[in-house]
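> Could you work out the structure for the sequence below:
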Amino acid sequence: MSFTQGSIANLKEQVNIVDVVGRAVSLQRKGGRYTGLCPFHKEKSASFSVNESLQMYYCFGCHASGDVIEFVRKFYNLEFNEAVEKLANEYGVQMEEMSHRGENLDVYYNINRDTARFFYKAFSEGPNKGYAYMKKRGIEPEILKKFGIGYADEEWDSLYKHLKSLGYEEKHMMELGLVSESKGKYYDRFRNRVIFPIINTSGKVIGFGGRAIDKDDNPKYLNSPESKVFRKKNNLYGLNLSRNSVSKEGYIILVEGYMDVIGLYQAGVENVGASLGTALTESQAKMIKRYANKVVLSYDADNAGIQAALRGMDILKSEGCNVSVMHVTDGKDPDEYIKKEGKQSFLNLVGNAKDYGAYKIDYSIKGLNMEDHQDRIEAIKRIAAVLKTLSPAEQAEYAEKAAKDYNLSKMALLNQMLEIVKKSKEAEQNRNIRKPSERSEETKEELTLIEADILKLITINEDYIEKVANYPGLLTTDIAKNIFDAIAKDLSSHEILDMNRVLDLLDEPEKSALSDVLSKVIISGDEEKVFNDCLRRMRIRDLLAEAQMIDRILQTEDYQENDIEKLMQRKMDLQELINKERMGDSN
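Numbering: from 1, shown residues only. Okay, here's the model as predicted:
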């Protein structure tokens, strides 16, 4: 849910930031401020400051800053709306929910909630094949209840009839992937399966995973489709239960399946989660980063698991995570291993997980015979290519380790790496001095997402050309401006816009970019809404740029002492404006 700006402003008026921060940080009053040790980074001398008059906090060490909502969000690892709810509940402040444009999402959440209850009741009340299967897998009753495990019976329409009796519409059931339709009849998608409810960190049921019980039933796993409330790439299974443990332990173990999460959790390894049947995504990596910087990947040791680990490592590292990989021995998955060998043996594997550099290097030379002269030369080339992707400190460390582990020359590894870097720079320079017509691939990438949407919009509705001209900030790159000028020129010379004439006016880079826009960008629905959304994204971009500029000023200390409150106040104003734009409330 989202809340109106008015009720958020009222909440901040009702709650004193000194009181909220004071429960987490030991504060001492100094003049008009309160100071203490920063809760967001380790320090011995107090650099954390709370300004009661401005209702803001700022750390002169790590430069964390914000209002009371931002403090609660960051300190307790919450989403913005979760932080608002926490404060509102603790201080008894009534919040006004903001109405969603179009359909109310609550109906989808309610259907999922009632579906989870229906499946759980079928699972927990009386003998059934689902309970027998989970009992055979060794899962204890309290864990089954904690994860809300359910059972979809073998009937064709028992869930459909139940939801229909509660007054829900078929179109909503179908959108959530709970029922299907054939020849005017509705039937359940999940039948004769153990059901794993997928719950987000706000405690809402957003989807389901169903595991086949009988060997002949296919597919083995059947998952909810993407819906208005379920985006696989934005969620991790089990994180609703494990996030506190993840924060406490300082790392998360990522596994592949529902049963791995449940099995590890039952064995006392609670800092665990799983991606939802897809490769790890940037959104999931960002979510993980909210709770811990360290990630241990525990995927299958087959080729698919290794490839998933390699992709996942790169994504996590790009988000600033410290990532390592472990593979459970003897071909077992984590659930089977921990049941047989116990918690400590599993944690020993975690402790011996290979970090990013070591795992990448080991994989890069897989299959080479280090006794063969040509293979050793090839190994040096491959290891050097891995070293190139690391930081200078990591390069020195891993070059020495690889030289020792594989009896190679450290100097040869570093020299080969420098040669790769040199060739890469030369290739980049060659690309930069090529003629514009030879750089069409690079030029196409210069269009921003806002520019691509705007250019497609004006090609399907010329009325927006004048509107775009009134907002020059929508088009910031030369290539976009050149395309816009060509379209405007053609329309001013002819009554009807002709894209072939426009293309003739453009050089090859602009022509290629416009062709991509025409063929790949899709504008559907309300064109005015699309235009206003572009304006909103432009405003957010500009506000973020100004906030970043203030951060740079504060970090370099290039300001007068009496300017700090003005800078902090401006940053707070910017954050409120950004939140307002992101919530879609432009009033």
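
> Endpoints of stretch 470-484, how far apart?
This stretch, stretch 470-484, spans 13 Å end to end (Cα to Cα, to the nearest Å).

> you'd agree residue 252 is in a strand?
Yes. Using DSSP: H, G, I helix; E, B strand; the rest coil, the assignment for residue 252 is a strand.

> Just grab the bridge partners of it for me.
Residue 252 has these beta-bridge partners by DSSP bridges: residue 295.

> okay, now it: neighbour count?
Residue 252 is flanked by 26 other residues according to other Cβ atoms under 10 Å. (Each C-beta comes from the backbone N, C-alpha and C, glycine too.)

> what's it in contact with, if anything?
By Cβ atoms under 8 Å, 6 or more residues apart in numbering, the contact list for residue 252 reads 242, 246, 271, 272, 273, 288, 291, 292, 294, 295, 296.

> Repeat that for residue 204.
Applying Cβ under 8 Å, 6+ apart, one finds that residue 204 lies in contact with 109, 112, 113, 229.

> so the third one is in which element?
Assigning secondary structure by DSSP states H and E places residue 113 in helix 106-124.

> Quick check: buried residues in that helix?
Buried residues in helix 106-124, counted by 16 or more other Cβ atoms under 10 Å: 107-116, 118-120, 122-124.

> So which of those is the closest to residue 492?
Residue 492 has its nearest neighbour among the buried residues of helix 106-124 in residue 108, at 48.1 Å by Cβ to Cβ.

> any idea how far residue 247 lies from residue 266?
Distance of residue 247 to residue 266, given as Cβ to Cβ, to the nearest Å: 20 Å.

> neighbour count winner among these two?
residue 266 (21 against 16).

> Now do the same contact list for the more buried one.
Residue 266 touches 139, 140, 143, counting by Cβ under 8 Å, 6+ apart.

> I figured the last one hits residue 263, correct?
What that stands for is residue 143. No. Under the criterion of Cβ atoms under 8 Å, residue 143 is not in contact with residue 263, lying 9.1 Å apart.

> okay, those two: which has more neighbours?
residue 263 (25 against 16).

> Can you name the residues that contact the residue nearest the centre of the chain?
In the chain, the residue lying closest to the centroid (Cα atoms, centre = their mean) is residue 283, at 1.4 Å. Applying Cβ under 8 Å, 6+ apart to residue 283 gives the contacts 231, 233, 234.

> again, only this time at 6 Å
Counting by Cβ atoms under 6 Å, 6 or more residues apart in numbering, residue 283 makes contact with 233, 234.

> Now find how far off-centre stretch 207-217 is within its chain.
Offset of stretch 207-217 from its chain centre (Cα atoms, centre = their mean, to the nearest Å): 28 Å.

> So what touches that stretch?
By Cβ under 6 Å, 6+ apart, the list of residues contacting stretch 207-217 from outside reads 129, 133, 190, 192-198, 220-224, 230, 258.

> can you do 8 Å?
The contact list for stretch 207-217, computed with Cβ under 8 Å, 6+ apart, reads 112, 115-116, 119, 129-130, 133, 152, 176-178, 190, 192-198, 218-224, 227, 229-230, 237, 258-259, 276-277.

> In ChimeraX, select just the buried ones from those residues.
Buried residues among these (16+ other Cβ under 10 Å), as a ChimeraX selection:
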select :112,115,116,119,129,130,133,152,176,177,178,190,192,193,194,195,196,197,198,222,223,224,227,229,230,237,258,259,276
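
> From the contacts of stretch 207-217, which land in helices?
Judged by DSSP state H, the contacts of stretch 207-217 include 112, 115, 116, 119, 129, 130, 133, 258, 259 as members of helices.

> Closest one to residue 480 out of those residues, please.
Of the ones in helices among the contacts of stretch 207-217, the one sitting nearest to residue 480 (Cβ to Cβ) turns out to be residue 112, at 42.1 Å.

> If we ignore the residues flanking it in sequence, what's nearest that closest one?
Nearest residue to residue 112 in three dimensions, chain neighbours excluded: residue 205, at 4.0 Å (Cβ to Cβ, 6 or more residues apart in numbering).

> Which residues are in contact with the one you found?
109, 112, 113, 115, 116, 148, 197, 198, 199.

> rerun at 10 Å
With contact taken as Cβ atoms under 10 Å, 6 or more residues apart in numbering, residue 205 is in contact with 108-117, 148, 197-199, 224, 229-230, 240.

> Likewise for residue 388?
Residue 388 sits next to 395, 416, 417, 418, 419, 420, 421, 424 when contact means Cβ under 10 Å, 6+ apart.

> Roughly how far does residue 83 sit from residue 240?
Residue 83 sits 16 Å away from residue 240, going by Cβ to Cβ.

> Kindly report the same for residue 565.
The gap separating residue 565 from residue 240 is 40 Å, by Cβ to Cβ.

> And those two? Which one has more around it.
Each of residue 565 and residue 240 has its neighbours counted (other Cβ under 10 Å); residue 240 has more, 20 against 16.

> Just confirm the more buried one contacts residue 199, I think it does.
Yes. Counting by Cβ atoms under 10 Å, residue 240 touches residue 199, with 4.5 Å between them.

> If you average the pLDDT over the helix or strand where residue 309 lies, what comes out?
Here residue 309 sits within helix 303-318, counting by DSSP H and E. For helix 303-318, mean pLDDT is 88.

> For that helix, output the C-alpha coordinates as CSV.
Extracted in CSV, the C-alpha atoms of helix 303-318 (Å, rounded to 0.1, in the frame of the first residue of the first chain):
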residue,chain,number,x,y,z
ASN,A,303,26.9,-27.5,-15.3
ALA,A,304,23.6,-25.6,-15.0
GLY,A,305,24.4,-24.9,-11.3
ILE,A,306,27.9,-23.7,-12.1
GLN,A,307,26.7,-21.4,-14.9
ALA,A,308,24.0,-20.0,-12.6
ALA,A,309,26.7,-19.4,-9.9
LEU,A,310,29.0,-17.6,-12.4
ARG,A,311,26.2,-15.3,-13.6
GLY,A,312,25.0,-14.7,-10.1
MET,A,313,28.5,-13.8,-8.9
ASP,A,314,28.8,-11.1,-11.5
ILE,A,315,25.5,-9.6,-10.7
LEU,A,316,26.1,-9.6,-7.0
LYS,A,317,29.6,-8.2,-7.3
SER,A,318,28.3,-5.3,-9.5
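
> Could I get the buried residue list for that helix?
So helix 303-318, judged by 16+ other Cβ under 10 Å, has buried residues 305, 306, 308, 309, 312, 313, 314, 315, 316, 317.

> Check whether the third one really touches residue 299, as I assumed.
Looking back up the chat, that one is residue 308. Yes. Counting by Cβ under 10 Å, residue 308 touches residue 299, with 5.3 Å between them.

> what residues do the two have in common as contacts?
Jointly contacting residue 308 and residue 299 under the rule Cβ under 10 Å, 6+ apart are 254, 256, 275, 280.

> hmm, back to that, widest-spaced pair of the contacts of residue 204?
113 and 229 (10.9 Å).

> tell me, what's touching those two both at once?
Common neighbours of residue 113 and residue 229, counting by Cβ under 10 Å, 6+ apart, are 106, 204, 205.

> and the last one, backbone torsions?
Per-residue torsions, residue 205: phi -80, psi 120 (degrees, to the nearest 10).

> From residue 235, how far out is it?
11 Å.

> okay, and the common contacts of those two?
Common neighbours of residue 205 and residue 235 (Cβ under 10 Å, 6+ apart) are 198, 199.

> picking up where we left off before, could you export the contacts of residue 204 as CSV, including pLDDT and distance to residue 405?
Converted to CSV, the contacts of residue 204 look like this (pLDDT from 0 to 100; distance: Cβ to Cβ, whole Å):
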residue, pLDDT, distance to residue 405
109, 91, 52
112, 97, 50
113, 97, 53
229, 85, 49
